[in-house]
Structures are given as structure tokens and as C-alpha cells.
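Engineer: Fold the following for me, if possible:
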Amino acid sequence: MKGLNKRDNGTYHLRMRVPKRFLAITGKKEIHRSLKTDDKAEAAELAPKVRKEVLEELENILTARALPGSADAYRAAQALVQARGFEYLSSASLLETPLEETLARLDGLSINDNVETARALLGGIEEPGLRLSELVAVVNEYRAHDNRFKDDDQLRKWLNPRKKAVSNLMEAISGKDIPVGDIDAATAAKHKLWWQKRIAKEGLKPETANKDFVNMRSLLRDYYSSIAQPNPPKPYADINIEKDRYRENKRKKEIPVEWIEEKWFAEGALDGINHEARDILLMSIESGCRQSEISNLPPYAIVLDHPIPHLKIQVEEGEFRREVKNAPSQRLVPLVGVSLAAAKRHPTGFPKYRGSSSYSGEINTELRSRNLLPSDEHTVGGVRHTFESRMKKVIIPNDDRGEMMGHSVKAARNRETYGDDMELEEKLRLANLIVLPVPPHLT
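Structural biologist: I've put the predicted structure just below:
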């Protein structure tokens with residue numbers, strides 16, 4: 001085989017020409033690597049793998065030299081060290097390891113290795129000096145693929161809490177824009193103490209602080225993943241503020257069925273509310289959908305030319321891209337009662353609210369100004385809770401209720417689920433068990 005040389009001691013070596021782009025780092029036109037065998041067939045089998053490893057090493061050396069201080073250089077250093085059978089450790093970390101560890105790394109060097117390889121083995125290529133203020137932008141770029149289905153409003157809602165978490169952390173550490181690599185357990189503890197003081201002084205909920213901690217945990221995890229950091233630090237792993245055990249867990253209050261029929265279905269009650277907002281409200285009553293699932297429907301997702309008119313709730317790409325909450329949220333929803341009537345009035349959806357988060361605020365304001373909510377604590381979001389209670393009342397099983405509402409049946413059961421999803425025909429049968437009569441003026 002071309003490129004195989006047998007030395008006097010009987011061992012085969014790979015002899016390969018150095019590609020032009022690597023000549024500056026090798027200083028020679030050929031590289032020789034021992035294949036550590038005296039069997040020609042085995043050497044021929046090993047040669048392509050060793051050639052590939054040599055080219056990868058040269059690529060990493062070139063990156064480390066050409067892009068000092070960058071995340072790419074840091075990743076290249078990690079790869080160089082891992083190829084030698086070690087874990088990348090910074091020079092500071094190496095000082096804390098047994099002497100044998102450092103000596104083993106030195107033994108792994110040869111006279112033919114260059115300075116980049118030596119620096120990598122001895123921890124001399126530092127983690128990129130990303131600052132706290134730059135963290136969200138870097139993670140946003142790293143998560144571009146994962147976030148590709150988010151529309152502009154969904155992306156804004158994803159970014160803003162992370163920006164707020166970083167801003168709060170900076171305030172907790174006296175406004176210092178520290179390197180991300182310096183965020184340690186002590187830094188996270190200061191963040192927690194800052195929140196504890198605010199909660200005591202301003203009466204805020206622990207859940208608000210815990211969202212900050214979750215977002216910082218997520219940002220750091222994604223950042224260290226982006227630079228392929230082995231055994232990344234987890235300074236926020238145990239950071240949490242316990243909920244007040246004497247405070248009740250509040251959930252959205254249901255809108256009583258009697259209220260819906262007597263107040264909302266009353267003739268003229270919804271007059272003056274723009275037609276799109278009114279009909280999103282009516283569609284939510286008999287569909288059990290989340291408000292955003294209806295307001296963000298693309299034009300083709302309201303299917304009226306089917307034996308069973310229905311909505312298609314799913315992840316969308318392209319012009320109408322959007323995410324849904326999770327995989328079980330992707331479902332077909334039968335249209336009945338006032339929901340079907342509303343869909344017929346808006347067969348291509350709701351362009352005023354598509355890709356926007358303004359619907360909830362507007363409809364709650366409109367209903368409250370007309371005294372059409374039972375109390376100050378009620379919001380339109382309670383309609384979804386009402387939908388499930390209506391299903392409970394007619395003894396629809398928990399699993400079926402979950403499928404109707406886009407919940408994870410697996411999570412509810414805490415075990416694997418088997419069998420096919422519920423057919424649209426069966427969903428229609430269940431929906432008809434609880435459908436409310438449609439007033440003539442809303443048909």
C-alpha cells in the first residue's frame with residue numbers, strides 16, 4: 001500500500017505528504033507516524049484511521065494558532081488533549097492535581113510536537129474571555145437551530161427573561177461585567193442573597209427569583225456546551241428559594257359555565273369588541289386550546305372542508321413559523337358549537353393577532369370594562385380550565401382529557417404510553433358530550 005514504510009525494526013510507519021495549508025505549522029513536507037505493528041495487513045487497515053487523526057490534529061493546531069483567545073481555539077485545544085487520552089485542564093487546575101498527572105502529560109509530548117500541542121496539554125490555552133454582558137447574544141447564536149420555529153414574538157419572549165436574569169445578576173454583583181468563566185458558586189450565592197433581600201422588602205414571590213436562577217442555569221449550560229467544555233461548572237445547580245409554605249398555590253380561576261352562557265352569550269354582550277378578539281374567545285370555549293394556539297393559527301390550519309371541521313395545531317415553518325408548547329400539543333382539535341361558528345367567520349385565521357402577544361391583554365381589558373369577568377382575579381385564561389372541568393363532569397377519563405387539551409399523557413401517568421393517538425372521530429364524540437347550545441345571534 002502506498003505510504004507504508006517498514007523500518008529496520010520491522011515496524012510499519014505511515015508516510016504522508018503534508019497539505020500545503022499546514023506547511024507553516026509542520027515546517028516539513030512529510031510526516032511519519034508509527035502504526036505500531038509489524039503485520040502488513042494490519043498496517044494497511046490502520047493507515048486510513050491514522051491519516052485522518054493526523055489531519056484532524058493539524059487542523060486543530062492551525063485553529064489554535066490562527067484564532068488565539070477564541071472559542072474555536074479553545075475547542076481545538078480540548079480536541080488536541082483528548083486525542084492524547086487526557087481531559088483538558090487549565091493550568092490553574094493542573095496545579096491542583098497530583099504531580100503524576102502533569103508528568104504523564106509531559107511524557108505524552110515528543111520532540112516533533114509543536115508549541116500549540118504543548119500549551120494545550122499543559123492548560124495554556126485559556127477559556128475564551130466572554131463577558132457576562134455578551135452571554136445572551138452568544139447563547140442566542142448557539143441556539144439558532146433549536147429556536148428556528150419561534151416567530152419574532154416567541155423569540156422575544158425567550159430572550160427577554162434571559163436578558164433580565166443577566167441584568168439582575170450584574171446588579172447583585174455591584175454592576176461588574178465579569179468573565180463568564182468567573183461565575184462560580186459564590187457569585188450565584190450573591191445572586192440568591194440579592195433576591196432574598198428584594199423578596200423581603202418588596203413582597204415578591206420566590207418563583208420570580210427562581211425563574212432567574214433557571215435562566216442562568218440554562219444560559220451557562222448552553223454556553224459551556226457551545227465551547228465543548230468537559231465537566232462544565234454548574235454554579236446554579238443548588239440555587240433555589242423555597243416557596244412560602246403558608247402561601248396558597250394560585251391557579252387560574254375557571255370561568256363558570258353559567259357565566260359564559262348568561263353573560264358572554266347574552267345578545268349584545270360582546271358588541272364593540274373587535275371581531276377577531278371576540279371570535280378567538282368563542283373558539284377557545286369549545287376547543288380547550290391555549291389562547292396563543294388559536295391567535296397564531298396560519299391560514300391553512302382551520303380545516304372546514306372536511307367531514308369533521310377541525311384545527312391543526314402544529315409547529316410551523318416558513319412565513320407562519322411558530323412553536324407550540326411541546327410535542328403532545330401538536331394535535332387535531334374538532335370544532336363544535338360556538339367555536340365552529342367563529343371559525344366559519346374567520347376561515348383564514350386572525351391576522352391582527354398572528355405572531356403577536358397582544359390578544360390576552362386586549363380581551364381581558366375589553367371584558368373587564370364591560371363587567372364580563374366574575375371578579376378581578378378571573379382572566380380569559382380560565383376558559384381552558386373550565387373546559388377540563390366540563391369534561392370531568394361527564395366522566396371523561398383523565399388520559400382522554402389530556403389528549404383533548406394537548407397535555408402529555410406520558411407525564412400524567414409517569415410511565416410510557418402505548419397505542420395510537422385518539423382519532424378525530426373519537427375527539428368529536430367527546431366534544432359533543434359537553435358542547436353548549438349556540439345562541440342564534442352567534443351562529
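Engineer: Residue 430 touches residue 391, doesn't it?
Structural biologist: Yes. Judged on CB atoms under 8 Å, residue 430 makes contact with residue 391 at a distance of 7.1 Å. Using the backbone N, CA and C atoms, a C-beta is placed for each residue, glycine as well.
Engineer: more crowded one of the two?
Structural biologist: residue 391 (21 against 18; other CB atoms under 10 Å).
Engineer: hang on, the earlier thing: and for residue 430 and residue 391, which residues touch both?
Structural biologist: Here residue 430 and residue 391 have 400, 404 as joint contacts, going by CB atoms under 8 Å, 6 or more residues apart in numbering.
Engineer: Just confirm residue 310 contacts residue 303, I think it does.
Structural biologist: Yes. Counting by CB under 8 Å, residue 310 does reach residue 303; the two are 5.4 Å apart.
Engineer: where does the protein have low pLDDT?
Structural biologist: 1, 245-250, 409-420 (pLDDT under 70).
Engineer: domains for it, by residue range?
Structural biologist: 4-121, 132-226, 257-442 (automatic domain parsing).
Engineer: got the buried residues for stretch 295-306?
Structural biologist: Using 16 or more other CB atoms under 10 Å as the test for burial, stretch 295-306 gives 295-298, 301-303.
Engineer: Looking at those, which are in strands?
Structural biologist: 302-303 (DSSP state E).
Engineer: Closest one to residue 69 out of the buried residues of stretch 295-306, please.
Structural biologist: Distance ranking of these against residue 69, using CB to CB, places residue 296 first at 42.5 Å.
Engineer: Surely the closest one is in contact with residue 357?
Structural biologist: No. If you go by CB under 8 Å, residue 296 and residue 357 don't touch, sitting 9.7 Å apart.
Engineer: follow-up on the earlier one: with distance to residue 235 added, can I get the domains of the chain in a markdown table?
Structural biologist: Formatted as a markdown table, the domains of the chain follow (distance: least, CB to CB, whole Å):
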| stretch | distance to residue 235 |
| --- | --- |
| domain 4-121 | 16 |
| domain 132-226 | 4 |
| domain 257-442 | 28 |
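Engineer: To residue 232, which of the ones you listed lies closest?
Structural biologist: domain 132-226 (3.4 Å).
Engineer: Go ahead and flag the most central residue of this protein.
Structural biologist: The centre of the chain sits closest to residue 146, judged by CA atoms, centre = their mean, with a distance of 6.4 Å.
Engineer: May I ask which helix or strand encompasses it?
Structural biologist: Assigned by DSSP states H and E, residue 146 belongs to no helix or strand.
Engineer: go on, residue 208?
Structural biologist: Residue 208 belongs to helix 206-226, assigned by DSSP H and E.
Engineer: If we go by neighbour counts, what in the following helix or strand past that helix is buried?
Structural biologist: Next in sequence after helix 206-226, counting helices and strands by DSSP H and E, comes helix 257-259. Of the residues in helix 257-259, 257, 259 count as buried by neighbour count, 16+ other CB under 10 Å.
Engineer: Contact partners for residue 67?
Structural biologist: Contacts of residue 67 (CB under 8 Å, 6+ apart): residue 73.
Engineer: show me the contacts for residue 182.
Structural biologist: No contacts exist for residue 182 under CB under 8 Å, 6+ apart.
Engineer: what about it, distance to residue 233?
Structural biologist: 10 Å (CB to CB, to the nearest Å).
Engineer: Check residue 97 too.
Structural biologist: 17 Å.
Engineer: which secondary structure elements does the longest helix along the chain contact?
Structural biologist: Secondary structure assigned by DSSP state H gives helix 40-66 as the longest helix of the chain. The contact analysis (3 or more CB pairs under 8 Å, 6 or more residues apart in numbering; DSSP states H and E) places helix 40-66 against strand 4-6, strand 12-17, helix 23-26, strand 30-34, helix 71-83, helix 115-121.
Engineer: between the ones you listed, which gets nearest to residue 379?
Structural biologist: helix 71-83 (44.1 Å).
Engineer: what separates the closest one from the chain centre, distance-wise?
Structural biologist: 26 Å (CA atoms, centre = their mean, to the nearest Å).
Engineer: Can you list the buried residues in the helix or strand just after it?
Structural biologist: The helix or strand immediately downstream of helix 71-83 is helix 91-95, counting by DSSP H and E. Using 16+ other CB under 10 Å as the test for burial, helix 91-95 gives residue 94.
Engineer: Just the CA atoms of helix 91-95, as CSV, please.
Structural biologist: C-alpha atoms of helix 91-95 as CSV (Å, rounded to 0.1, in the frame of the first residue of the first chain):
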residue,chain,number,x,y,z
SER,A,91,-3.0,25.5,34.0
ALA,A,92,-4.6,26.6,37.3
SER,A,93,-6.5,23.3,37.6
LEU,A,94,-3.3,21.3,36.8
LEU,A,95,-1.6,22.9,39.8
